[in-house]
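Enquirer: the sequence isn't on hand, but the structure is:
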């Protein structure tokens, strides 16, 4: 089982590491950290993570994971990345995204007629790519699996492990990473957050990530 | 507000990135990624993350975060790391750990007489350092804040942001990272997992991480 993670400049670190933490615990999984060039890739808030392979060195994978970014536009316009995604998707068993990673899949033409999701601030953009936005945390449509914003990649990966490898392995990994979430508040989604938190969150993301 | 993250070989990636994702969204936070040497640090499942500063370059921080590792023994025996932790703890407002990061704090002598927690497989080891193990997800004792295994660092960081910066900022960040967790199962803790999952998880961690 080959699992490829796309790394790119300005990606969000937890979008990558959430699913990475889950999938690396699948026995026998071969993990590929790919980018346009081998070397350190700077994430949106600064930490650099290392890409080990160039895109062209990993032309196929059973599972592909595309993390998001507060501004994925540069990657959405990178024809080399989009061509790689189309090619690897043609042979994949599962093509997945976290947060605005789905917009990159969309730019590659992989969301046409599909149900998908993304970060709550970007939901409407999915329509630009012929997708139907769905306000759910993890959305399966055939072999396409889209997770909502940032932290949703953990739930996506556990759900996918259950489908592909069975419930027991997913449960086993969940306990291994002690994923018994207990957020101090219940403001983690548009459905549950009060208006002042939604407004503050829009401003914060703008201020910290997009300025 | 200076926030220092300790990086070291064989650390667990999500232990670091969970709190990192939360704290980097605190407006004005200055983030320091420190290790014994500047350069790439290999995590337990392979991905390399970049340390930007040597320990001695960051002698103080308001918040210190120590991630865990499936085998933290080498770092627990590294007197340079332990001396740095003692020094930075003496001036910190909050000293925090995720997973077995608390054992490293213990090895530095910082857990004596404290309530603390760690990954469920390692709980009893806390007694070796004079701490009282507590089976809770996030444990505050004075300025010491310990999180349970791996994913608990997200809850720890959000709880700490609430205490230090107020509920609204914590809620705002929670929505920003869309942390509305929906794990597919309820097997994320010793309390909720059935015996066969606990046994499988012990075996899996041994096989994938400690072999």
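Expert: Sure thing, it's come through. For clarity, every value in this text was computed on a predicted model and none was experimentally measured.
Enquirer: look up phi and psi at the nearest residue to residue A:76 once chain neighbours are set aside.
Expert: Using Cβ to Cβ, 6 or more residues apart in numbering or on different chains and skipping the chain neighbours, the partner closest in space to residue A:76 is residue A:107 (3.8 Å). The C-beta positions use only the backbone N, C-alpha and C, and glycine is treated the same way. When read as degrees, to the nearest 10, the backbone of residue A:107 gives phi -60, psi -30.
Enquirer: number of residues surrounding residue A:107?
Expert: Residue A:107 has 21 neighbouring residues, counting by other Cβ atoms under 10 Å in any protein chain shown.
Enquirer: and for residue A:163?
Expert: 13.
Enquirer: please apply the same query to residue A:130.
Expert: Neighbours around residue A:130, by other Cβ under 10 Å: 14.
Enquirer: nearest spatial neighbour of it, skipping sequence neighbours?
Expert: Residue A:130 sits nearest to residue A:112 (Cβ to Cβ, 6+ apart), 4.0 Å away.
Enquirer: could you do residue A:181 as well?
Expert: That would be residue B:181: by Cβ to Cβ, 6+ apart, it lies 3.7 Å from residue A:181.
Enquirer: same question, residue A:118
Expert: Here the residue nearest residue A:118, using Cβ to Cβ, 6+ apart, is residue A:102, at 4.6 Å.
Enquirer: so who does that neighbour touch?
Expert: Neighbouring residues of residue A:102 by Cβ atoms under 8 Å, 6 or more residues apart in numbering or on different chains: A:66, A:68, A:111, A:116-118, A:126, A:131, A:146.
Enquirer: what of residue A:79?
Expert: Counting by Cβ under 8 Å, 6+ apart, residue A:79 has no contacts.
Enquirer: domains for chain A, by residue range?
Expert: A:2-180, A:183-211 (automatic domain parsing).
Enquirer: how about the ones you listed in a markdown table, adding mean pLDDT and distance to residue B:41?
Expert: A markdown table is the format used below for the domains of chain A (pLDDT from 0 to 100; distance: least, Cβ to Cβ, whole Å):
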| stretch | mean pLDDT | distance to residue B:41 |
| --- | --- | --- |
| domain A:2-180 | 97 | 10 |
| domain A:183-211 | 93 | 24 |
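Enquirer: can I get these in JSON lines including distance to residue B:79?
Expert: Putting the domains of chain A into JSON lines (distance: least, Cβ to Cβ, whole Å) gives the following:
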{"stretch": "domain A:2-180", "distance to residue B:79": "27"}
{"stretch": "domain A:183-211", "distance to residue B:79": "36"}
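Enquirer: nearest to residue B:84, of those?
Expert: Closest to residue B:84 of the domains of chain A is domain A:2-180 (Cβ to Cβ; 19.5 Å).
Enquirer: endpoints of that closest one, how far apart?
Expert: 28 Å (Cα to Cα, to the nearest Å).
Enquirer: the domains of chain A: which one's closest to residue B:210?
Expert: Using Cβ to Cβ, the nearest of the domains of chain A to residue B:210 is domain A:2-180, at 11.8 Å.
Enquirer: off-centre distance for the closest one?
Expert: In terms of Cα atoms, centre = their mean, to the nearest Å, the centre of domain A:2-180 is found 3 Å from the chain centre.
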